[in-house]
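Asker: test case, fold it:
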Amino acid sequence: MFLTSPLRAICLATLICTNIAAPTWASKASQDIPKWLQNHVGTGVGKIAPVVLDRARALYLEKRRSGTVKNPCYFAMDATRPSTGDDGSALPRFYVICEKSKTFKAVSSGYGNGRKLAKANFSNGRQCARNFSNAEGSKLTAGGPYITAESRTSFKGYYQSSSGKKPFLRTFLLFDGEGETSNARERAIGGHRAMFLRWQCRMERPQSTHADADGYVPFGKLVDYTSGRSNGCTTWSKPATDEILKIADGKPTTLYIYPSSKDINAVAKAIQRGKSPQQSGHYWHAACLKTIGIPKFWPKQTLQPIINEWRASLPKQPPLKLPLCK
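Answerer: I've put the predicted structure just below:
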């Protein structure tokens, strides 16, 4: 596709442009990228790949023009990047871009871990994502356009802190998708802090507003998985979560997650033909491509029946009843 300078020069220099037919809202995004933002374009750590910025910015500008969003900031994610560096630290692949204030921030984010079923193995490793899907229950990431929606804060249980036992409340920012991602609500897809409470027992706390009819609350251990995988949602560290919620809570904005199904299928086809994605004009982060081999998109119509059949085969279990805390 035709790109104007200077982004065209950046793409040619890094060989990561895409010739996949772009959505109508992505036709002019690369033509007027401000110079300060161009400095953040690339494939290195903390940089955003040209095609990811191109699509995220185009989606945002279109929704701004239509009045769908008024937020001065927008988001992007590159799910083809690795989770951690050689030292085990979480690597950035989620981007917060505020053009009015000329700020760009890259933070870490989880991707879907998938499942390993008898009839289909669509699980992902801890470092790089190979499998993607928009099927409900797949626990996989689905790339494409989203708009942030309302947030919901839920009680997960109590945990032991240095100052005593405290309730753990986690805020979930919902996403509304378009096209293949339009079932985001059905899939309970959104963003939240990369932390959960691993339940251990029931603690008596009748005075708590979260107590059940018998006066008990779940008690457990907090688990931080900032550099790990998720159930298909985007997940962030505590500082990043606080910043993202401050920007988007009650103020909808856009999020573009790369890669889409077309990107995945195009890269897979290129590799099967003996070509690298770069040679075919497509983009996938080189470090993860070396790890995963060939990426795969599992369409909803293919994967959903397998997931539904697996669920139906599971034996009925009695409701979980935690033991009393000692």
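Asker: and the residue of the chain positioned farthest from its centre, what is it in contact with?
Answerer: Distance from the centre of the chain peaks at Lys326, with 38.6 Å (Cα atoms, centre = their mean). Residues in contact with Lys326 (Cβ atoms under 8 Å, 6 or more residues apart in numbering) are Cys201. Heads up, the C-betas are built off the backbone N, CA and C, glycines and all.
Asker: the spatially closest residue to Ile307 that is not a sequence neighbour - how many residues pack around it?
Answerer: Excluding its sequence neighbours, the residue lying closest to Ile307 (Cβ to Cβ, 6 or more residues apart in numbering) is Gly137, at 4.5 Å. If you count neighbours by other Cβ atoms under 10 Å, Gly137 ends up with 19.
Asker: Gly137: what's it in contact with?
Answerer: Contacts of Gly137 (Cβ under 8 Å, 6+ apart): Arg187, Gln304, Ile307, Asn308, Arg311.
Asker: can you do 10 Å?
Answerer: By Cβ atoms under 10 Å, 6 or more residues apart in numbering, the contact set of Gly137 is 115, 186-188, 231-232, 303-304, 306-308, 310-311.
Asker: gap between the residue farthest from the centre of the chain and Asp224?
Answerer: As judged by Cβ to Cβ, to the nearest Å, Lys326 and Asp224 stand 25 Å apart.
Asker: go on, Ile307?
Answerer: In this view, Ile307 and Asp224 are 28 Å apart by Cβ to Cβ.
Asker: sheet partners, orientation included, of the host helix or strand of Lys156?
Answerer: Using DSSP states H and E, Lys156 maps to strand 144-161. Applying DSSP bridges to the sheet, strand 144-161 is found paired with strand 164-177 (antiparallel), strand 216-224 (parallel), strand 254-258 (antiparallel).
Asker: report the mean per-residue pLDDT for the last one.
Answerer: When the per-residue pLDDT values of strand 254-258 are averaged, the result is 98.
Asker: which is the next helix or strand following that strand?
Answerer: Past strand 254-258, the next helix or strand by DSSP H and E is helix 261-272.
Asker: so for that next one, mean pLDDT?
Answerer: Over the span of helix 261-272, the pLDDT mean works out to 96.
Asker: how about the helix or strand following it: buried residues?
Answerer: For helix 261-272, the succeeding helix or strand toward the C-terminus, using DSSP H and E, is helix 286-292. By neighbour count on 16 or more other Cβ atoms under 10 Å, the buried set for helix 286-292 is Cys288, Leu289, Ile292.
Asker: quick one: helix 286-292 to chain centroid distance?
Answerer: Taking Cα atoms, centre = their mean, to the nearest Å, the mean C-alpha location of helix 286-292 is offset from the chain mean by 18 Å.
Asker: what packs against the next helix or strand after it?
Answerer: Scanning forward in sequence from helix 286-292 by DSSP H and E, the next helix or strand is strand 296-298. Contact here means 3 or more Cβ pairs under 10 Å, 6 or more residues apart in numbering; DSSP states H and E; on that basis strand 296-298 packs against strand 131-133, helix 261-272, helix 300-313.
Asker: for Gln278, which of these is the nearest?
Answerer: Of all the helices and strands packed on strand 296-298, helix 261-272 sits nearest to Gln278, with 9.0 Å by Cβ to Cβ.
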